[in-house]
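**Student:** Next come a sequence and a model predicted from it.
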Amino acid sequence: VQLQASGGGLVQPGGSLRLSCAASGISLIYYRIGWFRQAPGKEREGVSCISSEDGSTSYLDSVKGRFTISRDDAKNMAYLQMKSLRPEDTGVYYCATECVDYGLGYWGQGTQVTVSS
């Protein structure tokens, strides 16, 4: 089983990035998908979640209106569209098959997002 997050990079404040989460060995259709991030020196935090049942979503307050989570179960993929990026969005972003960091789901290796001018 493998989850692979990709799409990170260096972007200026106000810019956009689209993160992708590709799954192999499991069918994401059966799992809720969470995106997490960890900034240097800080604990990992949940950014967004999308359910498997009805596609309902939730977001960290600081990213509401700027980030959009989605999933394409036919492609076994999940996405995090990030707009109006801020320096405080900098961190390593992970996708996982859980929305609370219990460490019980499958986790990707993370992709670095750096927002800086």
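**Tutor:** Sure thing, it's come through.

**Student:** Name the residue closest to the centre of this structure, please.
**Tutor:** Residue closest to the mean C-alpha point of the chain, counted by CA atoms, centre = their mean, is Trp35 at 2.9 Å.

**Student:** Export only the CA atoms of the helix or strand where that one lies, formatted as CSV.
**Tutor:** Assigned by DSSP states H and E, Trp35 belongs to strand 33-38. The C-alpha coordinates for strand 33-38 follow below in CSV (Å, rounded to 0.1, in the frame of the first residue of the first chain):
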residue,chain,number,x,y,z
ILE,A,33,-9.0,11.3,2.9
GLY,A,34,-7.2,13.9,5.0
TRP,A,35,-4.5,16.4,4.1
PHE,A,36,-2.2,17.4,6.9
ARG,A,37,0.8,19.7,7.1
GLN,A,38,3.8,20.2,9.3
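
**Student:** Now it: buried residues?
**Tutor:** If you call a residue buried by 16 or more other CB atoms under 10 Å, then strand 33-38 has these buried ones: Ile33, Gly34, Trp35, Phe36, Arg37. C-betas here are computed from N, CA, C, even on glycine.

**Student:** thought the fourth one was touching Gly103?
**Tutor:** This points to Phe36. No. The criterion here is CB atoms under 8 Å, and Phe36 misses it with Gly103 at 10.9 Å.

**Student:** Any regions of the chain where pLDDT drops low?
**Tutor:** Counting by pLDDT under 70, the chain contains no low-confidence segment.

**Student:** ok so, going back, now what about the strand holding Trp35, what contacts it?
**Tutor:** Applying CB atoms under 8 Å, 6 or more residues apart in numbering, the external contacts of strand 33-38 come out as 19, 21, 44-50, 52, 69, 71, 78, 80, 89, 91-101, 105, 110, 113.

**Student:** Same question for stretch 49-63.
**Tutor:** 28-35, 45-48, 67, 69-71, 78, 82, 88-89, 99.

**Student:** hmm, which of those are the buried ones?
**Tutor:** Using 16+ other CB under 10 Å, the buried ones in the contacts of stretch 49-63 are 28, 31-35, 46-48, 67, 69, 71, 78, 82, 89, 99.

**Student:** Can you tell me which of those is nearest Leu10?
**Tutor:** Comparing the buried ones among the contacts of stretch 49-63 against Leu10 with CB to CB picks out Asp89 as the nearest, at 12.1 Å.
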